[in-house]
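>>> structure of the sequence below:
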Amino acid sequence: MVWNMSEKNSNPADGRAAAKTVTRRDFVAAIGGIGIGAILAGAGVSAFLVGDEVYAVEASGGYLLVDTKKCGACETCMLACSLAHSGRTNVNLSRLQLTKNPLGCFPLDVQQNQCRQCPYPSCVDACPTGAMHADPETGVRLVAEGKCIGCERCIEACPFTPSRVQWNYEDKCAQKCDLCLNTPYWDQEGGPGGKQACVEVCPMRAISFTRTIPRQSDEGYDVNLRNEHWAIIGFPIDDAGRVRPDVSVPTASVVPPQPADAAEEE
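Presented below is the predicted three-dimensional model:
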C-alpha cells in the first residue's frame, strides 16, 4: 500500500455528467397528479414514472458496514481517508466520521458514521448544480468538486446526524464518502470493484464492504463483524456478550502448543 504525496491528480468526477435525478417536486407531481405514477423496483434501479418519462437514480455498487462494538476508536480509518483523498492527515477532512462520548458506556461511547449510499439520496436531490450525483458507471454517490458552489444544501438535506456529507473547509467544497472511487493520493484502485482505504487499514477489522444493499436502518449498517479470531483473543462474538469465547472457537482452530525441542528441530 503506497500513499502518493506528489502532485494531486485531476478529479475524474469533475468530467462526468451528473446523472438525472428525482426532485421532490417531480415526485409529488407524479403521485399526486392525474397522470400515472408507479414505483418501480428491480435491476438495481430505483425509479418512478412521470407521464412518458422515467426518472431513475442508479443503485450504488457498494456499501460500507461497521461494527461499533468492535471499533477501538483509534481513528486510523479517519487518517487514512483524509490522506488518500486530500494528501493530508487531518481527521477533520475524513469522510468517515467517529463520534466519541467520554461520559458514555460501552458500546454507546463510540459511533462510526459512514455514508449509507442511500437508494433515494437526499443530498443528490438537493444539489442545484449537479455537483452531487450518482456516478453513471458505479452508482456511487459522489461530488464533482468543480461544480460545487458551496451552498451546503446537500449537508442540510442529509437525514442523518452527523451529516454524512461534510464541508471541506480547506478546499471550500462539499465532500462525502465515494468508496475510494477517486483517491488521488493512493496507488490502489478503489470504488465498488476495488479497495477502500478505511477497510484496508482498520486494525480491528471493524469496517467491511458489501455489494448487497443493507436493510435501511441502523441495524442494517451496524452489524456483527466479530468471528472466531475475535474469540481467540478472549472476547465473545455474540452481541449480548453471554457466550464464552472458548465456546465460540472451533476446536480445529486451536493449534496445540508444541514442545520446545520440536520447534528447534524445525
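
>>> helices of the chain, start to end?
24-32, 76-86, 122-126, 153-157, 197-201, 218-221, 228-232, 245-248, 260-265 (DSSP state H).

>>> can you redo those as JSON lines with mean neighbour count and distance to Gln97?
C-betas here are computed from N, CA, C, even on glycine. Listed next are these as JSON lines, based on neighbours: other C-beta atoms under 10 Å; distance: least, C-beta to C-beta, whole Å:
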{"stretch": "helix 24-32", "mean neighbour count": "13", "distance to Gln97": "27"}
{"stretch": "helix 76-86", "mean neighbour count": "23", "distance to Gln97": "7"}
{"stretch": "helix 122-126", "mean neighbour count": "21", "distance to Gln97": "15"}
{"stretch": "helix 153-157", "mean neighbour count": "19", "distance to Gln97": "13"}
{"stretch": "helix 197-201", "mean neighbour count": "22", "distance to Gln97": "11"}
{"stretch": "helix 218-221", "mean neighbour count": "13", "distance to Gln97": "13"}
{"stretch": "helix 228-232", "mean neighbour count": "16", "distance to Gln97": "24"}
{"stretch": "helix 245-248", "mean neighbour count": "14", "distance to Gln97": "31"}
{"stretch": "helix 260-265", "mean neighbour count": "8", "distance to Gln97": "46"}
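
>>> so which of the ones you listed comes closest to Ser208?
helix 197-201 (6.5 Å; C-beta to C-beta).

>>> tell me where the stretch 51-200 of the chain has strands.
53-58, 63-66, 97-100, 110-113, 132-134, 141-143, 165-168, 173-176 (DSSP state E, counting those that start in this stretch).

>>> dump the ones you listed into CSV; add distance to Tyr120 and mean pLDDT as well.
Formatted as CSV, the strands of the stretch 51-200 of the chain follow (distance: least, C-beta to C-beta, whole Å; pLDDT from 0 to 100):
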stretch, distance to Tyr120, mean pLDDT
strand 53-58, 7, 60
strand 63-66, 14, 97
strand 97-100, 22, 93
strand 110-113, 19, 93
strand 132-134, 11, 95
strand 141-143, 11, 95
strand 165-168, 15, 96
strand 173-176, 16, 97
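
>>> out of these, which is closest to Gly191?
Closest to Gly191 of the strands of the stretch 51-200 of the chain, according to C-beta to C-beta: strand 141-143, at 9.7 Å.

>>> who are the packing partners of the closest one?
Contacting strand 141-143 under the criterion 3 or more C-beta pairs under 8 Å, 6 or more residues apart in numbering; DSSP states H and E are the following elements: strand 132-134, strand 173-176.

>>> who does the first one pair up with?
In other words, strand 132-134. Paired neighbours of strand 132-134 in the sheet (DSSP bridges): strand 141-143 (antiparallel).
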